[in-house]
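*Asks:* sequence unknown, structure follows:
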């Protein structure tokens, strides 16, 4: 089971909050857009760090995003590994190059460059390279994201999966819980949180040796 560390969570939250504030202060005078979805940034950073996730994986169609930076903060806080997977085919070479360029020009976030490992290609194939994923963030806009979720090798001692952009054109995407509950030997519980375009957080824990589902308490507090 993943153990919660409030100290790591607090430090990651505050560092992400500080990161966003400093970035906004630098860019506002130049008319540049501020970070989007700050609540998601701080929440996910604290969640990943608090759960001491040693392997964090993000799959996103948008390249290096504010969420990417927030997860990098968490990885640095706990000394974990962070991989950002960007779907890539021959038709989007320009977009991939733009994402990598953005990664190397993080507007004052250079201290995070060595934490973010970008891998471009077919996510369903790339994800096979990584074992015992502790914390995984998947953008529902990623093609075949349902197959991707089934393919991922999750930490057998417990893991957390987050799906962002849960609502598209007012329609809710398929639930991770519905996908994962069919897997043998795991028990999962999900909650939907009204942050940004909606996120679904799914906690996955192993069943006990007798095959009965392990009880788990899953509590989220959200304030506007």
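*Replies:* Yep, it's here. As the structure is a computational prediction, the values presented were derived from the model and not from experiment.
*Asks:* which intervals of this protein have sub-threshold pLDDT?
*Replies:* Of all residues in the chain, those with pLDDT under 70 make up the ranges 1-2, 22-38, 89-108, 174-186, 206-224.
*Asks:* all strands in it, in order from the N-terminus.
*Replies:* For the chain, the strands defined by DSSP state E occupy 55-59, 81-87, 116-121, 135-139, 159-164, 167-168, 171-172, 186-193, 199-206.
*Asks:* parallel or antiparallel, list what pairs with the fifth one.
*Replies:* When pairing is defined by DSSP bridges, strand 159-164 lines up against strand 135-139 (parallel), strand 199-206 (antiparallel).
*Asks:* residues near residue 146, how many?
*Replies:* Neighbours of residue 146 under the rule other Cβ atoms under 10 Å: 16. Quick note: C-beta positions are derived from backbone N, CA and C, even for glycine.
*Asks:* just the strands paired with strand 159-164: most buried one?
*Replies:* Ranked by mean neighbour count, the strands paired with strand 159-164 are led by strand 135-139 with a mean of 25 (mean count of other Cβ atoms under 10 Å).
*Asks:* name the surrounding residues that touch that strand.
*Replies:* Defining contact as Cβ atoms under 8 Å, 6 or more residues apart in numbering, one finds that strand 135-139 is touched by 44, 47-48, 51, 53, 55-62, 67, 71, 74, 145, 148-149, 152, 154, 159-165.
*Asks:* quick check on those: which are buried?
*Replies:* 44, 47-48, 51, 53, 55-62, 67, 71, 74, 145, 148-149, 152, 154, 159-165 (16 or more other Cβ atoms under 10 Å).
*Asks:* ok, back up a step: and the strands of the chain as JSON lines, adding distance to residue 110?
*Replies:* Below are the strands of the chain laid out as JSON lines (distance: least, Cβ to Cβ, whole Å):
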{"stretch": "strand 55-59", "distance to residue 110": "19"}
{"stretch": "strand 81-87", "distance to residue 110": "16"}
{"stretch": "strand 116-121", "distance to residue 110": "11"}
{"stretch": "strand 135-139", "distance to residue 110": "23"}
{"stretch": "strand 159-164", "distance to residue 110": "25"}
{"stretch": "strand 167-168", "distance to residue 110": "34"}
{"stretch": "strand 171-172", "distance to residue 110": "38"}
{"stretch": "strand 186-193", "distance to residue 110": "31"}
{"stretch": "strand 199-206", "distance to residue 110": "28"}
